[in-house]
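# with the sequence up front, the predicted model follows.
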Amino acid sequence: MKNEDFEKALFESYLDSIEDKFDFEVDTIEIEDLTNESGEAKIIIKDKDIIEPLDTQVLGTIRQLSHKGKLINYVPVELQENGLYLVMKASSFVHYALNIDIIALGYSGKYLIDPYNNFLLYPEEIENSVLLDYLDTFSVLQLQEALKNSLTEKQEGKRIMYSDITESWKLEFRIKEYQLTSYFRFRNLNVNSVDLTTIVDLLMKKEELSINKYAAARPTLTEAFDLMKQPKSSNIFYALNHTLVRESDARVLIYPDDEYIGKAGKIYICSECVFDGYIPKKLCLGVIAFKDLISIQEVLNIRIEIEEE
Amino acid sequence: MALSCDQKKYLSWFNHLSQEERSWGKVLAKVWQGLKHFSEKELSDKDIFYLILLIPRLQKKQENLIRDLCRKSYINYWETIVSRAGLFLSKICPQLKVLIRKLEGKSEDQLYPYLTRVFQNIVIQCNNDMIAELRKDKYAYDDNYMSSSPKDEYHPLKNNTINDIIHNKENQEGANKLYNEIQNEWSLSKRNLLCEYYETVNGIKTDRLKEESKNNIYKHHQRLRETFNELLQRYSKREIITFFKLYMTELCQNTPSSPTYLYNKSTKRGTL
């Protein structure tokens, strides 16, 4: 099997694994396959002294919740004073691990844990999740250390270094993982402002790798006209239903038009949904190394869609 | 324990199953029934057959990939299913008692969807191991985040679970050395702190450090993390994991509980 075919098939199996649907119908081809082979195989079970997990453990457990038809694996890392749990995104697909991730061992296998993809959950959500596995205490210690570092870096305005992603499938995986958690990452934040820096960085990297160079839809005629009539040097760009503003510190902000604010909707960048919830007053795209805002709008193809009532 | 799985017998058994017996609910119920009594009695041929029937159906896309890899490498697909059934059992075994307790009293409507997800997670792990084995992959990621040691490379089917790690003799020796070091060289206060951390993480009710402020506890935990970062220079991550699993209960039993960091400290809210 060619490497690219393998990577594609593996990514499809990852996508399949996050779907909250189940189909158990019997596959007749599979049975035929079995009849073409012959032989006997053995299951060897080693008699080991089993050291069981403690059923009182919450921190460092691998859990799964279902949200809008998708399954989200996570690990609670810290119980906050307000009673909420700070959790990190986890996945069994360690094939896609980067240097920023932590690989932790459970009883069923290994998990890729992204310390930067963290969010808050209520105790009821933790309790109602499916408990999949248990990590060891030392992994919890490492996760807490990584969490502290990631929060410090965030406060200092440091960006995650995705420079080591040279494989397109690792990037696709990371974008998907961030999409899965977007509802939870944004729901407890200040409703007036949402930070999209990480997902924008990933999407920019995707553009850079030219994986999906033409994924962003071409602008419509009206949008093209808007693009043409505005000066390139401006620090403000008026798009069809939002405004882009470059701040003095070079950060680029999206200000959705007034009629969208507070309404349930979705924001798309490069055809990928990056925000799903009530549209905030502003969203930060981070510092984007482009010459002008028109190019940013053109390359990222930012769109806002409001859910029909 | 070695269980023989004859393919012809399996097919004959499978072909005699009615449509209803092949249904998800029935298969899951049979597998769960076998697993529930696994610690008391060995699995029968039928128990294993039901497991073999279950495994390829839990993650179909991953299964197709495994079948393709087998076909292209002329590897016997049946053997991979049987091998994964064995892996499945070794992975679920340590968690079985906890899982049984958790699911006690749940109705079928709650039980089956829950079990499906737990089984799916284990099957994904078994499949990942198998895919890596079939591809002879060597994923080059940093497994030892804090020490950045290159010695911990990913080897499919080896040292892939907590149980594999703690049953490794070298890891056990390292863990024993660390236990002795902590017993003999750490102050009682520091051992009390370590036990408080262990008990808190594992949800064990504890009175240790309960008179310290949250801020102090936070700072003590930070120092504890730093200590373990330093220990990673002399002990591997696997040895430390083994130490936590094998010796922490004993260490905490031997370490008297103190509500403050410093023992016999009369003042509350001690500062660092």
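That came through, no problem.

# helices or strands up against the helix or strand hosting B:Phe119?
Counting by DSSP states H and E, the element that carries B:Phe119 is helix B:108-135. Secondary-structure packing of helix B:108-135 (3 or more CB pairs under 8 Å, 6 or more residues apart in numbering or on different chains; DSSP states H and E): helix A:3-17, strand A:61-67, strand A:130-134, helix B:24-36, helix B:45-58, helix B:60-73, helix B:77-92, helix B:96-103. Every residue, glycine included, has its C-beta placed from N, CA and C.

# can the fourth one be found next to chain A?
It refers to helix B:24-36. Yes - counting by CB under 8 Å from any CB of the partner chain, chain A is contacted by helix B:24-36 at B:Trp24, B:Val27.

# give me the contact list for that helix.
When contacts are defined by CB atoms under 8 Å, 6 or more residues apart in numbering or on different chains, helix B:24-36 is touched by residues A:22, A:24, B:20-21, B:43-44, B:46-47, B:50-51, B:53-54, B:92, B:96, B:100, B:108, B:111-112, B:115-116, B:119.

# looking at this, B:Ile204 is in a strand?
No - per DSSP: H, G, I helix; E, B strand; the rest coil, B:Ile204 lies outside any strand segment and is coil.

# in contact with A:Leu143, which residues?
By CB under 8 Å, 6+ apart, the contact list for A:Leu143 reads A:Gly60, A:Val75, A:Val77, A:Met88, A:Ile102, A:Ala104, A:Ile113, A:Pro115, A:Leu135.

# near the third one, how many other residues are there?
Here the number of neighbours of A:Val77 (other CB atoms under 10 Å in any protein chain shown) works out to 24.

# give me the subset of the contacts of A:Leu143 touching chain B.
Among these, the residues within reach of chain B (CB under 8 Å from any CB) are A:Gly60, A:Ile102, A:Leu135.

# what residues are up against A:Ile261?
A:Ile279, A:Pro280, A:Lys281 are the contacts of A:Ile261 under CB under 8 Å, 6+ apart.

# so how far is chain B from it?
37 Å (CB to the nearest CB, to the nearest Å).

# distance of that residue from A:Gly286?
21 Å (CB to CB, to the nearest Å).

# with B:Leu43 instead?
Here B:Leu43 is placed at a distance of 55 Å from A:Gly286 (CB to CB).

# chain A: helices as residue ranges?
Along chain A, the stretches classed as helices by DSSP state H are A:3-17, A:28-35, A:123-128, A:137-155, A:168-187, A:197-208, A:221-229, A:293-300.

# same for the fifth one, what does it pack against?
For helix A:168-187, the helices and strands in contact under the criterion 3+ CB pairs under 8 Å, 6+ apart are helix A:3-17, strand A:61-67, strand A:70-79, strand A:85-91, strand A:110-121, helix A:197-208, strand A:272-278.

# what's the following helix or strand past the helix holding B:Phe119 in contact with?
The C-terminal neighbour of helix B:108-135 among helices and strands, as given by DSSP H and E, is helix B:162-166. With CB under 8 Å, 6+ apart as the test, helix B:162-166 has contacts from A:48, A:50-51, A:105-107, A:134-136, B:90, B:94, B:158-159, B:171-172, B:175, B:238, B:241-242, B:245-246.

# quick one: residues contacting residue 84.
This is for chain A. A:Leu120, A:Leu121, A:Tyr122, A:Pro123, A:Asn188.

# chain B is the one I meant
B:Ile55, B:Val123, B:Cys126, B:Asn127, B:Met130.

# neighbour count for those residues - can I get that in TSV?
TSV is the format used below for the contacts of B:Arg84 (neighbours: other CB atoms under 10 Å in any protein chain shown):
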residue	neighbour count
B:Ile55	23
B:Val123	25
B:Cys126	30
B:Asn127	26
B:Met130	22
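
# B:Tyr77: which of these is nearest?
Closest approach to B:Tyr77 among the contacts of B:Arg84 (CB to CB): B:Met130, at 10.6 Å.

# identify, from the contacts of A:Leu143, the entry nearest to chain B.
A:Ile102 (4.9 Å; CB to the nearest CB).

# got the domain ranges for chain B?
B:7-135, B:162-254 (automatic domain parsing).

# among the ones you listed, show the one with the smallest mean pLDDT.
Per-stretch mean pLDDT for the domains of chain B is lowest at domain B:7-135 (a mean of 91).

# start to end distance for it?
25 Å (CA to CA, to the nearest Å).

# nearest spatial neighbour of A:Thr137, skipping sequence neighbours?
B:Phe244 (4.4 Å; CB to CB, 6 or more residues apart in numbering or on different chains).

# the one you found is in what secondary structure piece?
Per DSSP H and E, B:Phe244 falls inside helix B:237-254.

# list the helices and strands that helix packs on?
helix A:137-155, helix B:162-166, helix B:169-185, helix B:188-201.

# ok, whichever residue of the stretch 101-250 of chain A sits closest to chain B - contacts?
Nearest residue of the stretch 101-250 of chain A to chain B: A:Gly109, at 3.2 Å (CB to the nearest CB). A:Gly109 makes contacts with A:Ser92, A:Asp133, B:Lys91, B:Ile122, B:Gln125, B:Cys126, B:Asn128, B:Asp129, B:Asn160, B:Thr161, as judged by CB under 8 Å, 6+ apart.

# if anything else comes up later, I'll come back, but that's it for now.
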